[in-house]
Structure formats: structure tokens, C-alpha cells
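Asks: this one's sequence-less:
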């Protein structure tokens, strides 16, 4: 990497966690194409609310099997540690 990159990275790493997270998010979004299809804040809220309602309904109706998060993480660790 260039010296400018290294200097910028050093400065970024000194930021508080919340600011580093915001910076990372903005940098990642800058790599995405701007095709105008990105929903606005209200539309995201509506979409996520509908998705959450759908997931809760699936759980209540017994259509999905809930798995303990610790079990999932243990299984993922096992998979990623395989040769």
C-alpha cells in the first residue's frame, strides 16, 4: 500500500468504535453502484417490519426450527477449522 494509505489507516484506527464503524459503512457503500434502487429510511423500516412479522409468524406456526446461536457458532467453528 502507499504511504498515504498507511497514514490514513493509522488515523482511522485511532477513531472511537462508533466512528470507525460509520467510516467503514460509508467506504463500503461508496463501492456499490448507485442505480437509484436503494430504498429510503422509511421504506427500509417498512420492509424490515414486514420481514420480522413474517419470521415471527413462521415461528409461531411451527414452520421453522429454531437453533441455539451457540450451537450454530460451534458448528461454524468446526467447519472452518477442518483441513
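Replies: Nice, I can see it. Not measured: the values here are computed from a predicted model. Numbers count the residues shown, from 1 in each chain.

Asks: three-state assignment of residue 63?
Replies: Three-state call for residue 63 (DSSP: H, G, I helix; E, B strand; the rest coil): coil.

Asks: can you report how many residues lie near it?
Replies: Neighbourhood size, residue 63 [other Cβ atoms under 10 Å]: 9. Every C-beta, even on glycine, is put in place using the N, C-alpha and C of the backbone.

Asks: how near is residue 52 to residue 10?
Replies: Residue 52 is 40 Å from residue 10, where distance means Cβ to Cβ, to the nearest Å.

Asks: name the residues that touch the lengthiest helix in the chain?
Replies: Ranked by residue count and defined by DSSP state H, the top helix of the chain is helix 41-60. Identification of contacts with helix 41-60 by Cβ atoms under 8 Å, 6 or more residues apart in numbering yields 39, 64, 66.

Asks: now do stretch 18-31: distance to the chain's middle.
Replies: In terms of Cα atoms, centre = their mean, to the nearest Å, the centre of stretch 18-31 is set 12 Å apart from its chain centre.

Asks: go on, stretch 18-33?
Replies: The answer for stretch 18-33 is 11 Å, by Cα atoms, centre = their mean.
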